[in-house]
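Student: give me the fold of what follows.
(chains A and B)
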Amino acid sequence: MNITQSLAAGQYAASRPATAPQPGTGGNLAAAAAGFADTLAAGEGAALAALRGADDPHALVTALAQTELAVETAVTIRNRMVEAYQEILRMPV
Amino acid sequence: MAGFADALRVSASGMEAQATRLRYLSENIANAETPGYHRKTVSFRAELGPDAPAGAVRPGPVRLDPAEPERIYDPSHPLADAGGYHAGSNVNLLVEIADTREAGRSYEANLRMFEQLRQMSAALLELLRR
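Tutor: Predicted structure coming up:
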């Protein structure tokens, strides 16, 4: 019994590094999130400028379409990631 | 997604250019009866600068049509010369209306392109949702 327990603990310790986040992925995701926030801010700025009459409505439409594209992409990717995470959580241990 | 974003901006630049053209066409039509008015024409050029995507269109400088203005016989007009003639504008309404139609159609084409791009991006993301 004792041997099995220590074996299990050893196995657990050995497989822990596999679940550690890889250094490359986090940076890429952070950059993508920053780009997404930039696009949103640009869309808001264009909307404000158009309402003030300072900007062309075409610029507003372009900015809003790009914001829509960015939000849809971000939401879809987030949904996929959450789904994958839940799939892992449902895994029988 | 950069391709979609760039294409959206190019389509919007086309719409903007046609709107500028329509603005000068309306000026020409409004001044069709103005004595001595020369009609304004706008040329388009492709954008090469770093701040816009390559291939975007932007209106070039406004030029005046050098054609001689029409001479109108009306001795009672305050601008009439000794012979009773005065200079009208060189605006031909038929040309302006045809130009307006062309600008409208071109705007519509850019609008359809914009719509198509949005549909395509939506369809692409729909693929991920399943």
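
Student: residue B:30 and chain A, how far apart?
Tutor: 21 Å (C-beta to the nearest C-beta, to the nearest Å). For glycine as for every other residue, the C-beta is placed from the backbone atoms N, C-alpha and C.

Student: count of neighbours near that residue?
Tutor: A count of neighbours around residue B:30, defined by other C-beta atoms under 10 Å in any protein chain shown, yields 11.

Student: my read: residue B:24 touches residue B:41, true?
Tutor: Yes - using C-beta atoms under 8 Å, residue B:24 is in contact with residue B:41, at 7.4 Å.

Student: more neighbours, these two?
Tutor: Of the pair residue B:24 and residue B:41, residue B:24 is the one with more neighbours under other C-beta under 10 Å, namely 18 against 15.

Student: quick one: contacts for residue 75?
Tutor: No chain in the question, so chain A it is. If you count contacts by C-beta atoms under 8 Å, 6 or more residues apart in numbering or on different chains, residue A:75 has none.

Student: looking at chain B here, not the other one
Tutor: residue B:84.

Student: tell me the average confidence for the longest helix anywhere in chain B?
Tutor: Assignment by DSSP state H gives helix B:93-129 as the longest helix of chain B. Average pLDDT, helix B:93-129: 92.

Student: swap in stretch B:18-33?
Tutor: 93.

Student: coming back round to it: buried residues, the longest helix of chain B. List them.
Tutor: Within helix B:93-129, the residues that count as buried by 16 or more other C-beta atoms under 10 Å in any protein chain shown are B:96, B:99-100, B:103, B:106-107, B:110-111, B:113-114, B:117-118, B:121, B:125.

Student: chain center to that helix, what's the gap?
Tutor: Distance, stretch centre to chain centre, for helix B:93-129: 16 Å (C-alpha atoms, centre = their mean, to the nearest Å).

Student: and the nearest residue to residue B:59 once chain neighbours are set aside, how many neighbours?
Tutor: Nearest residue to residue B:59 in three dimensions, chain neighbours excluded: residue B:20, at 4.4 Å (C-beta to C-beta, 6 or more residues apart in numbering or on different chains). Neighbourhood size, residue B:20 [other C-beta under 10 Å]: 18.

Student: repeat that for the one 3 residues further on.
Tutor: Around residue B:23 there are 13 other residues, counting by other C-beta under 10 Å.

Student: please apply the same query to residue B:73.
Tutor: 10.

Student: kindly report the same for the one 3 residues further on.
Tutor: By other C-beta under 10 Å, the residues close to residue B:76 number 6.

Student: what helix or strand is it located in?
Tutor: Secondary structure from DSSP states H and E places residue B:76 outside every helix and strand.

Student: circling back to that earlier point, quick one: the residue nearest to residue B:59 from residue B:37, how far?
Tutor: Residue B:20 sits 19 Å away from residue B:37, taking C-beta to C-beta, to the nearest Å as the criterion.
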